Structures are given as structure tokens and as C-alpha cells.
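1. can't give you the sequence, but here's the structure:
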């Protein structure tokens, strides 16, 4: 059953096979033309870089100096680095440095071809600050010789043409620029126009960023994969290379600014310490000149050691307080253009975080300032944020300094306790120890700062990037877009889908009977068979055409009539249809002819009294006929019978004379006499009646018939008429009703060749 259903479905669409073939061919041809002449080919440029943190980017010495000194707290986040690489500021610098907003093309018959790099014979420098610069205007360059060129374009509906020398400043109504000839170029003049177009940098940035992808290669490392789509392989490689170079340059620049500010702060502290050391050394010199110090025995050494420990802590606190003072003095100056070079210490997380925010905000302002003015709302907002962060840092510095001073006072109190014990030591020895300790502390701090300063200077003199290129930018050999296989697959699907949709829509909108399944699946009326189109010159079957496919179909119809009969003789057959033009008269004529040729004695009656057609098929007159027999009582049945001149067993009765009122005639008793006489004389009686969908004449003949052949014509009979047939069959309005499908396709009816002729 399932196999039969699949066969039905396939047969439904196979008859539209040429449509499917045309649809597929047209779709694939469209895809081919689109890929060849319209689609832009894009290549994928890939590169891999390793992004390290600042503490590992410029050497161990620098990292340790920053951490130990507590002047700078490094903040590193791989997601932030990805954001920096994809920032508009970096991309704008790449485009500006390489003039990537100027595109060169060679005019083509269907699509212009972009050229780049060594394929371009000239270099164009544009004054983008000019107010009259016209963007997206094709400007043709005609190379006259090695020194001169000609510009040609259409601007504001006027033709513009001028000749210039390479290197001269060209001032035109659509912009100001300089065109220089390249010394090395692979450009070959093939007679096709060369032109360039200046695009807005903002739009080029958006275009490039939309084709740029930067992402982590793995979640546990710092390897970044960069992917960029470009219509030109060399251009794509240059964009990615420029992106990496600009990112590294900006990062080194930022790190150098931090190092310079750190050196400045250390220099300030060294100046102060230098003065203090000079004072301490002078005190030692004066003391030793006036006194002769001796060693102290007993517990004096222990007291002094403990006092020294406390004083060393006090000195450490004082160092931190001094750092706070330096940061406070830096902020009070109100300088918002350079990063803060240090924080208190890694332990003070709140202050460190605020300083990080300050430096990051300052970095963001610096990037925005490259492409925006100071009046830009974003710049104004960043300035306000910097001022607020400066106030917060100042408050934290003062609060931290107060805490350190309190702790320092507590330590001083403890040191005083031991100092009281030391008071017993001779004043001279105690004074010398104090002076020596103060000198030692300041000397250690001075040397420490001096060492850190040298390390910062060395790192600044030989900067090392914290970013390493793992794989150089490389464009793929084959384009990644458009995906030809996907396009052709889509074209194939569309080529099948559109005819399929057409067939479905046609089937859905088709309210006509087209196949035998439309009959057998919707009504239970017995199905008699099919009659194919007739292509013979004659409407009627003749003895000479008795072996034709059409004759075979009517012989098969005769067999089916006998097989489906419900009476023993099935003598009288009524042929009708729903509307005019469904072929009932054709069926009645040829069925009568077939039965007669097969040896049966047959009479055919033209009971379509309103529009008779039966006798025309046989080239016989309609009168005298049925109406004459009914109206003229003196006529006998034999008076209206006409014998066919060439078919011995075939007789016909015409419709007779025209009458105005046919309805009453159909109820006449004379019809009963006519039918009784014919039943006694003939083996078969074929009655051609009017369509029952328009006239009810056929129902009046039901008492005299044995079976009914209800003709349904393919693509003519409406499906809604099937309910009428079903009602007639179930209600018994016409005896033994059977449906015959007329005018079908030959291949649809018989696969071995019968039924291939078309009826006129």
C-alpha cells in the first residue's frame, strides 16, 4: 500500500518533469552568473600572537622594581587586550598610515576589479581636512607618459578633465590631493580605464571591524587568533600586519609613559634624600670632631638593638608616608594628562584599584583624543571621571597617611621605652648611635631608589614588547566566501522548490478532475475506465480503423460494461454528463459503433432534444426522429429508424423536429412504446441524453434503462460535480451508474501505447 502511495506521488510530479528540469537549469545558471559576475570573493587572513602581562613583557628586573617599590600596580586582562586590538583608534591608525580608504579599480565589462599594492601604478595622498572633498566619486586616471597623467570624472552633472604632472598638488572641485608614480609596479595597461575612489574613514573602519575576529585560541593561555576577511589577499595581510604593529607600538608607548613618570618620582625622592644624607654626615663629622666615642657594655647593646628595630619600623612607615606625600603633591598639582606612576602598596587594594581605574580612564581618553576633539561629549565625560577619581585617590592617600602616622606614633612610644633604658648609657655614645642609625637608614633608602631608577632607565632605553607574533599574517590560497558548493546546493534546492511550489499551488487551486484517483478516492460510484485523447481525423471509429488504439479502448469499455453489469442483459445504456462539452455524445457514438462492429445489433438514440449532436457525427439527418414519433401518433417506430449506410448492424434515431416545450414530451407514453419496440428488436440500445447538471431530461428515462454511463472529462468536469454523481448513485436516480473518465493522456491510461490519438 505504501509503495502504491509513493508511486502515485511520483506520478503526480513526473508529469511536470520538464518544468523541474527547466527550474533546476535556470537556478543553477543564475547561481553561476551571480558567482562569476556579482559575488565578491573573500579570503581569510589569519595570524597568531602571544600577549603577555606587563610584568613579563619587559624583563624580570623591571617587574621586580615595580612590585618592590610599590609605585605601580600592573593590571592585565586578556579580554581588555582583545578590546584594544578591536578598537576604532587602532584600526583608524592602520587605515590612515596605509591610505586604505583609497581603493583602485580597473573598469570591467560587468564588474570592476579592485587592484592593490604592486598592481597599482600610482600613489594618492589626499587632504582629508578639505571641506570640498567628495567621497565615493570614481576618478579616472589616464597615464599619458612617465611624467604626466590626466584626471577624468563626472562631478555635479559636469564632465571634468585636467592634465597634471606627477607629484604636483591637484586642486579640483571635488578635493585636493597629490598623485605620485610608483617606481616599482606590476601594473600593465590593457586598455581598460583605471580609477580610484576615496571612502570615508569611519565607514572603512566599520567595514574592517565587521570582518575582523580576535579570540582566545585556548582558555588557559594567552594566544590570540586574528582572522580578517578581505577581497584582496595582499591587502588583507597588510591590514592584519598593520593592526599588530600599531597595537605593539601603542602598548610600548603607554608602558614608556609609566616608566618615565616613575623615574620622575624617584628623582624627586633622591633629591630629598641627598639633602638629608648631607646633613646627617655633617652631624657625624661634627660629633666625632668634638667627642671620642667608646663602646657601651652590658645591656646597653640589647636595648639599643631593640630600639633600633622599632626605629627601623618607624623609618619604614615614614618612607610610606613620604610616598603618600609625593602622590598627594602630584595630585594637588592637578595634572590630568599623564598616568599616576605609583600607588601606596599592593596591600592597600582599594587605593590600588582606584589608581588602576584612573590610569585606564586616562589611557582611554588618550585613544579617543586621537580621533575626537576636546569638546567631544565622551572626552568631556572622561575628564569628569578623571577629576572624580583624582579626588577619591587624594582622599584615600590622606586617610592612609593618617593611619600610618598613628601607627608610627605607637611605635615611637614603644621605642621611647627602650630609649629611656638607653638614657643610662653615656650621652655621647647614645648620640653617636642615633646619628649612625639615621645615616645608615637614609643611605640604604638612597641606594635602593638609585638602583630602581637605573633599572627603569635601562628598560626605557631598550623597550621590549610584551607581544610576540607566533605566526605571521597569511591569506588562504582559496576563498572562503562565497561558498560555491553551498550556493549551488541552494540553487538546486530552489530549482526544485519553485516548480514543486508551482505544482502544489496549481493542484490546490485546481478544482477540476484530472486523474482517476480524483474519482475513486472521493466517491464510491463504480469506476468504468478511461478513454484517451483522440488524434484521428475522424470522430467515429470505422471498420478501417478498427485496429487503432482508440478502438481497443472502446472494446475494453465494452468488456468493463459487461463485467460491472447488475442486470442479466445490460441491454439499454444511458450516456450522460454534468455539463456540455464533456464528450458524452462522442462516447455514445463510438460505443454504439464498437458494439455494432463486434456483431451486436445496436440502435443509438439522440435523446438530447434541445441540442442534438449525435446524428451530426454520423452525417445523418435528425428528422424524422423522437419528437416526430411522440407528437405524430400515426408514425411507427420503424418510420424514424435510420440504418447506417456502411455499418450493417448499426441503426440510429435522430432527435426529430425542433419543439418549444421538451419537458412534457419526456413524460409521454409514446416513449414507453418506443423503448419496448426497440428492446424487442435490438441487442443494445445506446441513449445520448442532455447533461443532467443543466437539464433533468435524463432522469425521465430511468425506468427504461439497465445502466448509466456518466462521462467525466479530464480538466473540464469540476470536482464538486462528483458529489452530484455520488448522490445519483446512492439514491438510485439513474440505474447502475458507472463513471467513465474521458480525454485522458495516453501514457497515463495505458503504458504500452494505446490511446495516443487526440479527439477533435
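-> Cool, the structure landed. Remember, predicted model here, so these are calculated numbers, not experimental data. Numbers count the residues shown, from 1 in each chain.
2. what segments of the stretch 51-200 of the chain are helices?
-> In the stretch 51-200 of the chain, the helices defined using DSSP state H, counting those that start in this stretch lie at 54-57, 60-69, 78-85, 88-98.
3. wait, I meant the stretch 301-450 of the chain
-> Under DSSP H, counting those that start in this stretch, the stretch 301-450 of the chain gives helices at 349-369, 377-422, 427-461.
4. pick out the shakiest of the ones you listed, pLDDT-wise.
-> Within the helices of the stretch 301-450 of the chain, confidence is poorest for helix 427-461, with a mean of 72 (mean pLDDT).
5. and the angle for it with helix 377-422?
-> 160 degrees (axes from the mean of the first three to the mean of the last three CA atoms, to 10 degrees).
6. who's in contact with the residue nearest to residue 242 when sequence neighbours are not counted?
-> Take residue 242 and drop its neighbours on the chain: the residue closest to it by CB to CB, 6 or more residues apart in numbering is residue 94, 4.0 Å away. For the C-beta atoms, the positions are set from N, CA and C on the backbone; glycine is no exception. Going by CB atoms under 8 Å, 6 or more residues apart in numbering, residue 94 touches 100, 239, 242-243, 246.
7. kindly report the same for residue 438.
-> Contact analysis of residue 438 by CB under 8 Å, 6+ apart lists residue 280.
8. what's the spacing between it and residue 506?
-> Plainly put, residue 438 is 107 Å away from residue 506 if you go by CB to CB, to the nearest Å.
9. can you check residue 405 too?
-> Residue 405 is 95 Å from residue 506, where distance means CB to CB.
10. follow-up on the earlier one: will you turn the helices of the stretch 301-450 of the chain into TSV that also has distance to residue 483?
-> TSV is the format used below for those (distance: least, CB to CB, whole Å):
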stretch	distance to residue 483
helix 349-369	37
helix 377-422	40
helix 427-461	49
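11. looking at the ones you listed, which is closest to residue 332?
-> Taking CB to CB, helix 377-422 is the member of the helices of the stretch 301-450 of the chain nearest to residue 332, at 7.6 Å.
12. any idea how far residue 222 is from residue 471?
-> Residue 471 is 15 Å from residue 222, where distance means CB to CB.
13. quick revisit: of all the helices of the stretch 301-450 of the chain, which one is nearest residue 478?
-> Minimum separation from residue 478 across these (CB to CB) falls at helix 349-369, 36.7 Å.
14. what packs against the closest one?
-> Counting contacts by 3 or more CB pairs under 8 Å, 6 or more residues apart in numbering; DSSP states H and E, helix 349-369 is packed against helix 233-290, helix 377-422.
15. just those helices: most buried one?
-> Mean neighbours per residue, mean count of other CB atoms under 10 Å, is largest over those for helix 233-290, with a mean of 17.
16. next, find the distance separating the closest residue to residue 200 other than its chain neighbours from residue 87.
-> Nearest non-adjacent residue to residue 200, counting by CB to CB, 6+ apart: residue 135, 5.1 Å away. According to CB to CB, residue 135 and residue 87 sit 23 Å apart.
17. in a strand, residue 478, correct?
-> No: using DSSP: H, G, I helix; E, B strand; the rest coil, the assignment for residue 478 is coil, not a strand.
18. skipping adjacent residues, who's closest to it in space?
-> Once flanking residues are discounted, residue 478 sits nearest to residue 43: 7.9 Å by CB to CB, 6+ apart.
19. for the one you found, helix, strand, or coil?
-> The three-state label given to residue 43 by three-state DSSP is strand.
20. of residue 471 and residue 222, which one has the most company?
-> Per other CB atoms under 10 Å, whichever of residue 471 and residue 222 has more neighbours is residue 222, with 19 against 12.
21. need the nearest residue in space to the more buried one, chain neighbours excluded.
-> Leaving aside its sequence neighbours, residue 222 sits nearest to residue 51 (CB to CB, 6+ apart; 5.0 Å).
22. beta partners for the one you found?
-> Counting by DSSP bridges, residue 51 is bridged to residue 467.
23. residue contacts, it?
-> Contact partners of residue 51, counting by CB under 8 Å, 6+ apart, are 78, 81, 222, 224, 466-467.
24. could you check how far it is from residue 468?
-> With distances taken as CB to CB, residue 51 is found 8 Å from residue 468.
25. likewise residue 105?
-> Shown here: residue 105 relative to residue 468, a distance of 38 Å by CB to CB.
26. which one's more surrounded, these two?
-> Using other CB under 10 Å, the more surrounded residue of residue 105 and residue 468 is residue 105, with 18 against 15.
27. excluding sequence neighbours, find me the nearest residue to the more buried one.
-> Among residues not flanking residue 105 along the chain, residue 112 sits closest, at 4.4 Å (CB to CB, 6+ apart).
28. model confidence at the one you found, what's the number?
-> Residue 112 carries a pLDDT value of 82.
29. so which residues of the stretch 501-650 of the chain form helices?
-> Going by DSSP H, counting those that start in this stretch, the stretch 501-650 of the chain shows helices at 516-520, 549-564, 584-597, 614-617, 626-631, 637-640.
30. most tightly packed of these?
-> The highest mean neighbour count among the helices of the stretch 501-650 of the chain, using mean count of other CB under 10 Å, belongs to helix 584-597: a mean of 26.
31. and the angle from it to helix 549-564?
-> Using the same axes, to 10 degrees, the inter-axis angle of helix 584-597 relative to helix 549-564 is 80 degrees.
32. just give me how far helix 584-597 sits from the chain centre.
-> Centre-to-centre, helix 584-597 and its host chain are 65 Å apart (CA atoms, centre = their mean, to the nearest Å).
33. now it: average pLDDT?
-> When pLDDT is averaged along helix 584-597, the result is 90.
34. what would the helices and strands packed on helix 349-369 look like in CSV with distance to residue 555?
-> Formatted as CSV, the helices and strands packed on helix 349-369 follow (distance: least, CB to CB, whole Å):
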stretch, distance to residue 555
helix 233-290, 76
helix 377-422, 94
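35. how's the protein carved up into domains?
-> According to automatic domain parsing, the chain comprises the domains 2-39+483-509, 295-425, 531-749.
36. got TSV for the ones you listed, with distance to residue 130 too?
-> TSV is the format used below for these (distance: least, CB to CB, whole Å):
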stretch	distance to residue 130
domain 2-39+483-509	34
domain 295-425	18
domain 531-749	72
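37. isn't residue 469 up against residue 245?
-> No: distance between residue 469 and residue 245: 9.5 Å, which falls outside the contact criterion (CB atoms under 8 Å).
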